[in-house]
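[1] 3D model of this:
(chains A, B, C, D, E and F)
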Number of protein chains: 6
Amino acid sequence: MMRILVANANTTEAITQLCAAAARDAAAPGTEIVPATPRFGPAVISSRAENIIAGHALLELLAGHSGQVQAVVLAVSHDTALEAARQLMPCPVVGMTEAACLTACMVAARFGLLTLGGVETYRELIGRHGLSSRLSGLDGVAMTPQEAVRDPAGAEAAVLAGIHRLVEGGADAVVLGGAALAGMAARLADRSPVPLLDGIACAVKQAEALVALNLPKPRAGSLAPLSGRDSSGLSAELAAMLKG
Amino acid sequence: MMRILVANANTTEAITQLCAAAARDAAAPGTEIVPATPRFGPAVISSRAENIIAGHALLELLAGHSGQVQAVVLAVSHDTALEAARQLMPCPVVGMTEAACLTACMVAARFGLLTLGGVETYRELIGRHGLSSRLSGLDGVAMTPQEAVRDPAGAEAAVLAGIHRLVEGGADAVVLGGAALAGMAARLADRSPVPLLDGIACAVKQAEALVALNLPKPRAGSLAPLSGRDSSGLSAELAAMLKG
Amino acid sequence: MMRILVANANTTEAITQLCAAAARDAAAPGTEIVPATPRFGPAVISSRAENIIAGHALLELLAGHSGQVQAVVLAVSHDTALEAARQLMPCPVVGMTEAACLTACMVAARFGLLTLGGVETYRELIGRHGLSSRLSGLDGVAMTPQEAVRDPAGAEAAVLAGIHRLVEGGADAVVLGGAALAGMAARLADRSPVPLLDGIACAVKQAEALVALNLPKPRAGSLAPLSGRDSSGLSAELAAMLKG
Amino acid sequence: MMRILVANANTTEAITQLCAAAARDAAAPGTEIVPATPRFGPAVISSRAENIIAGHALLELLAGHSGQVQAVVLAVSHDTALEAARQLMPCPVVGMTEAACLTACMVAARFGLLTLGGVETYRELIGRHGLSSRLSGLDGVAMTPQEAVRDPAGAEAAVLAGIHRLVEGGADAVVLGGAALAGMAARLADRSPVPLLDGIACAVKQAEALVALNLPKPRAGSLAPLSGRDSSGLSAELAAMLKG
Amino acid sequence: MMRILVANANTTEAITQLCAAAARDAAAPGTEIVPATPRFGPAVISSRAENIIAGHALLELLAGHSGQVQAVVLAVSHDTALEAARQLMPCPVVGMTEAACLTACMVAARFGLLTLGGVETYRELIGRHGLSSRLSGLDGVAMTPQEAVRDPAGAEAAVLAGIHRLVEGGADAVVLGGAALAGMAARLADRSPVPLLDGIACAVKQAEALVALNLPKPRAGSLAPLSGRDSSGLSAELAAMLKG
Amino acid sequence: MMRILVANANTTEAITQLCAAAARDAAAPGTEIVPATPRFGPAVISSRAENIIAGHALLELLAGHSGQVQAVVLAVSHDTALEAARQLMPCPVVGMTEAACLTACMVAARFGLLTLGGVETYRELIGRHGLSSRLSGLDGVAMTPQEAVRDPAGAEAAVLAGIHRLVEGGADAVVLGGAALAGMAARLADRSPVPLLDGIACAVKQAEALVALNLPKPRAGSLAPLSGRDSSGLSAELAAMLKG
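    Down below sits the predicted model:
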């Protein structure tokens, strides 16, 4: 029985539940999905400042589940605090956009990324992951998440148009970024000329793969566990993990 | 019941069996490993020319199994003909070094690669995969596969020394490249300061993940299936797949 | 009369005072240095996890001074939460390693960076700033900050040896990274063959320059101010700045 | 008397003859052009899979001419098996797109590449050659080779329009890629605002230059000749060259 | 009292005076601006050849002021002979486009550059500065400097349209390149959605910052001063500086 | 009858003659080598400042031969003013290090560069040519040109040792940079494990190839000829070429 923590990085419980449901759909039999929402932070992350604040909230959340799960999926398309979470936790940690992009590398020579709204932070994120040369382009559909909810058919049409623009620009596959597009990959699969990658589904499969590989925690390097680090004003669990 | 073809790209049956055994160790319950060896080509690939010849042999081999397996693992550390195999086959295709490097990206900020002998073709391969910025360094242990077989303890010591050099140079994890190092990752796991990635094991887990994601074959882009392509002198199955 | 906030990102007041003193030495007449220490977080940042936690602490600290200073210098060598702080605050924000690297670009074709201990996070930081091609190399002196304090002459000798290694590797100037090296640039200036860049001094001069240029806050793009963002559990000032 | 093998990589004899004629036009007095067509393989290469198969066919073809020519021009715009051929053969080997791009570097700050149809494999090829930063853009004219043959004036107009788009995008010269554009460079020279590079012509001149430089075959490195390599099922000549 | 040489690289005295006036506007109280125009060379630099010639003229000009100023601003948007001037002179030397781009890095995640006419040499310049990954795009307004002078309102409208295109493409700030746009940044500040960077203003502030930092001249590396170099046909001052 | 101008960029006539002799050795029958030395400038270029000054001297020199030669070889290892010369002249212009590096790309996967003394400006030059990813490493032999002349056997031994270091680092071929190594490639050919590339020889062959290709002068783009450019204080021929 494998338990995967699906950790939201913002405080909107509905998004946590949405992601947990998607994770359950993707999980293998015998994988239990454990949803979790931070105690504090932004309602929805849509800026650099919110993403930093949410990083702390997320690490506090993870610390509270350390030792109780075999893997963590970060249910936030910005891969918030990913490397820090990887260092902190004794188990594998996977980011949803990271997982979608790495998976895309196995089904595409170059992939595109589509999201609602601005694309610049996704461009930076893919650069941070070192995958810029595999990225054919980014497409920001000019529609807010709220508008997408109000007009699902219009949203699907707009997303499909964006997918076609990305294919025209050389994409062999398209990563759908952002919680607002959850479930869209499955709904549009038949109408898209190339595979669509859903972050949560990819992250769950990668988390399962990492658990199966049973890799040891590093004892050296930039992701080695913490020990003897002092702090103040943090949750007891987080402070304890820094202390080692 | 999932069937994964473990396709060697050279004609040495013993290497096929070695890889198949490693694949069975890594496979999930319910995954059947189907080993396969090409009809013609180099005994062992260790040069650019042999790698090209083996590419054709591998595609012919794959064509003979098309429709009979749910995924393909290329059991050759050069990821021979990987993108071509991906285009040709109706199912997911994963390269063993590709899989190890992508997996390394989820457990390391930067990873190293260690092999016996020359490292330049691995440097190129990682560049072709677009992962150069995630590569901390390469280490070529000065020992032939034959010497490694004759002196396993010496080989392990030499590999461990190389791993420590790579960690010193910034590696958070190390990919072991080449059939001669098969099984080494597991044997050295306790003595290595960072996780060691085994190509076959990573590739099997990635193949299982891709099958579970059930992504459609692209209908557009550089990996869309072939159709109407004429050829001569090829195996009937391979010619038929080009013809579509 | 210009007021520059010198904001530490960890909770060790002594480091704040050290940086504030260095900032006062570098400041122009008429520049007032306002030191500040976060309410919570790690005592000293030396890991990815601490850096993320400190990011939130830093933003909270900045929010408490918003509108009361003309510029912010981040007194932390990891340039913690730099872009987020830039987006959040109505005034210029400068990171100390960022400032040292950008200044180095004006006195060097390629520059090196020297620090005590591990170099990998500095390599990533310079990559994040887009300056990798201007970096000739990194040198991590094998000495802890505590050892450097106990043996200042030994530390200076070790740092000078590292500087010579970097010059040998093509550095025209060397950035000294980390609070433990504060003041070292001035002390070693006569003995170093190339200019040494001190983060706090560079950041103060860059902050003064930005204030003098009087650039407007962007109304568009990835650094445009926040507005209408909901949150919970944050300090009143930080929540208010997200709300806009 | 210099003999240059003009080796097609696909089995369409008419393309071999077309390329041989172009090669003769470009060759210096005293250079003999020896055309050659593979024994097996795709009729025309237009996919990744065909390119891999053709690589083997090409190496077999070259092995059959080893020692009888002073240089080899690969008459295939994908530079099929180029590095392998370079390693295999005792004489210089030049790819036609490689030659056109390297030549373009001497008459352009940045060059464009124009072809009929998809551009992605050319983007990869130029990346493999390490010349991406010299590439201003790619233009894929929406016309099949068959359509171009049926409507030469229309094809010329479409190509000229593409050339102007590339110049607008910063190209100082344009490489014409693909056999379907053979001869087009000369016909459009007067109407193009920038030089047009023909692959066969450039490759012949580079082959002549390399022969004149009389560089020795490397005895070390990744292109050193093969020796002692076992294989099965290959042509006698190719097997002999692997055996060394 | 700080004296900054504002050195034009072409021989049009009116441009020197324009730049000197802009420099005086930007300078701190107590900074004296010393304008200078070369003895020979192109009237206005608008090509690669003119830029090379102007490099010599500029170095001759600087040599004539060596020891009489505390810093040099190169009042030429091509940063003509920047690294050479840096090596030659005993004081800091700042290029105006260099300064604007480095300053842009502190107020933007990615910045755009806008100029009148062709953009390719600016693309190369930013590449030479190692800042390509911070550049979101270039925009060449289709208007000559003469047309801009004749129709200032039209020019402003055209520049604003270009700024909006760059912001659409991901720019958080825009560098205005070229003498013809001097003063435009200030005039358009209120109407631009992102900060506009003026080269002369940025360069003056950076020069003042470098003087305040009081960095020593390197004694090693690629910018160490010249000594014992013979020459002929140069101005007495320039020859003397090469002689050391 | 083809005439190639072999243009030195410094004023040491002996170097001009040395290069002209090497050029004659490499030239095809029927190629006349026309040596030329600038009227003014540094005796020997070994710094950034000298290189800039020499750029003007070189362009003046070329202007004096415009229309009288079919191609130009720049006989200076820094490829001084290469792009400007290319724009200025009506015929092909080739740099000697450029030619050696491009030629190396056809006989090596990655090449090294060896010179006497500092390597940083060569690293920059190869970056400017866009070939950094093809460069395996640089080796600066610690010997002055004067010492090399006094002890030719010692110089050969030192160069061979450097070549072996570069091969160890992944070089398939080595470019010898700098006039002091002229003729060394031929002398060491038998003792080097990989091909050695001589700049003058490669440049002459590339110049002949470009003349044979008979490419038109561009009418658009960044290398289009000059017209209507005013200047003062230049040689009559150079001023006339700017005027067009």
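
[2] what's A:Thr121 in contact with, if anything?
    The contact partners of A:Thr121, taken as Cβ atoms under 8 Å, 6 or more residues apart in numbering or on different chains, are A:48, A:51, A:78, C:222. Yep, even glycine has a C-beta here, placed from its N, CA and C like the rest.

[3] how much space separates the closest residue to chain F within chain A from A:Val194?
    Closest residue of chain A to chain F, Cβ to the nearest Cβ: A:Ser133 (11.2 Å). Distance, A:Ser133 to A:Val194, using Cβ to Cβ, to the nearest Å: 19 Å.

[4] bridging residues for A:Ala36?
    For A:Ala36, the beta-bridge partners are A:Ala7 (DSSP bridges).

[5] which ones are touching it?
    By Cβ under 8 Å, 6+ apart, the residues touching A:Ala36 are A:5-8, A:16, A:61, A:64-65.

[6] and which of those is nearest chain D?
    Chain D lies nearest to A:Val6 out of the contacts of A:Ala36, by Cβ to the nearest Cβ, at 35.6 Å.

[7] right, and A:Leu135 touches A:Ala109 too?
    No: using Cβ atoms under 8 Å, A:Leu135 and A:Ala109 do not qualify as a contacting pair, with a distance of 11.2 Å.

[8] more neighbours: A:Ser133 and A:Val194, which one.
    Relative neighbour count places A:Val194 above the other of A:Ser133 and A:Val194, with 27 against 17, counting by other Cβ atoms under 10 Å in any protein chain shown.

[9] you'd agree the more buried one is up against A:His164?
    No: under the criterion of Cβ under 8 Å, A:Val194 is not in contact with A:His164, lying 9.6 Å apart.

[10] want to throw the contacts of A:Ala36 into TSV with neighbour count?
    As requested, these are exported to TSV (neighbours: other Cβ atoms under 10 Å in any protein chain shown):
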residue	neighbour count
A:Leu5	27
A:Val6	29
A:Ala7	29
A:Asn8	29
A:Thr16	21
A:Leu61	25
A:Gly64	18
A:His65	17
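
[11] can you tell me how far the residue positioned nearest the centre of chain A sits from A:Leu102?
    Central residue of chain A (Cα atoms, centre = their mean): A:Met96, 2.3 Å from the mean position. From A:Met96 across to A:Leu102, the span is 11 Å (Cβ to Cβ).

[12] do the same with A:Thr121
    Distance of A:Thr121 to A:Leu102, computed by Cβ to Cβ: 19 Å.

[13] same check on A:Val93?
    Distance, A:Val93 to A:Leu102, using Cβ to Cβ: 14 Å.

[14] ok, now A:Pro42?
    Using Cβ to Cβ, one obtains 27 Å as the distance from A:Pro42 to A:Leu102.

[15] also A:Leu135?
    For A:Leu135, the distance to A:Leu102 (Cβ to Cβ) stands at 12 Å.

[16] more neighbours: the two, which one.
    Neighbour count, other Cβ under 10 Å: between A:Leu135 and A:Leu102, A:Leu102 has more, with 25 against 22.

[17] what mean pLDDT does the helix or strand encompassing that one get?
    Under the criterion of DSSP states H and E, A:Leu102 resides in helix A:96-104. Taken as a whole, helix A:96-104 has a mean pLDDT of 98.

[18] got it, and stretch A:151-169?
    Mean per-residue pLDDT for stretch A:151-169: 96.

[19] does that stretch reach chain B?
    Yes: Stretch A:151-169 lies within reach of chain B by Cβ under 8 Å from any Cβ of the partner chain, at A:Val167.

[20] just the buried positions in that stretch, please.
    For stretch A:151-169, the buried set under the neighbour-count rule, 16 or more other Cβ atoms under 10 Å in any protein chain shown, comprises A:155, A:158-160, A:162-167.

[21] name the element A:Asn51 belongs to?
    In this assignment (DSSP H and E), A:Asn51 forms part of helix A:48-63.

[22] now swap in A:Pro193 and tell me
    Take DSSP H and E as the rule and A:Pro193 turns out to sit in neither a helix nor a strand.

[23] and the pLDDT for the nearest residue to it once chain neighbours are set aside?
    Using Cβ to Cβ, 6 or more residues apart in numbering or on different chains and skipping the chain neighbours, the partner closest in space to A:Pro193 is B:Ala220 (3.8 Å). At B:Ala220, the model reports a pLDDT of 96.

[24] the helix or strand containing A:Glu237: how far from the chain's middle?
    Using DSSP H and E, A:Glu237 sits within helix A:236-243. Relative to its chain's centre, helix A:236-243 lies at 24 Å (Cα atoms, centre = their mean, to the nearest Å).

[25] please parse chain A into its domains.
    A:2-97+A:202-243, A:107-198 (automatic domain parsing).

[26] tell me which residues in the helix or strand of chain A at the bottom of the mean pLDDT ranking are buried?
    For chain A, counting by mean pLDDT, DSSP states H and E, helix A:145-150 ranks last in confidence among helices and strands (a mean of 88). For helix A:145-150, a neighbour-count test (16+ other Cβ under 10 Å) marks A:145, A:148 as buried.

[27] what does that helix rub up against?
    For helix A:145-150, the external contacting residues (Cβ under 8 Å, 6+ apart) are A:116, A:154-155, A:178-181.

[28] so what's the closest residue to chain E within chain A up against?
    Relative to chain E, the nearest point of chain A is A:Glu120 (5.1 Å; Cβ to the nearest Cβ). Shown in contact with A:Glu120 (Cβ under 8 Å, 6+ apart): C:221-222, E:109-110, E:170.

[29] do the same with A:Gly228
    Residues counted as contacts of A:Gly228 (Cβ under 8 Å, 6+ apart) are A:243-244.
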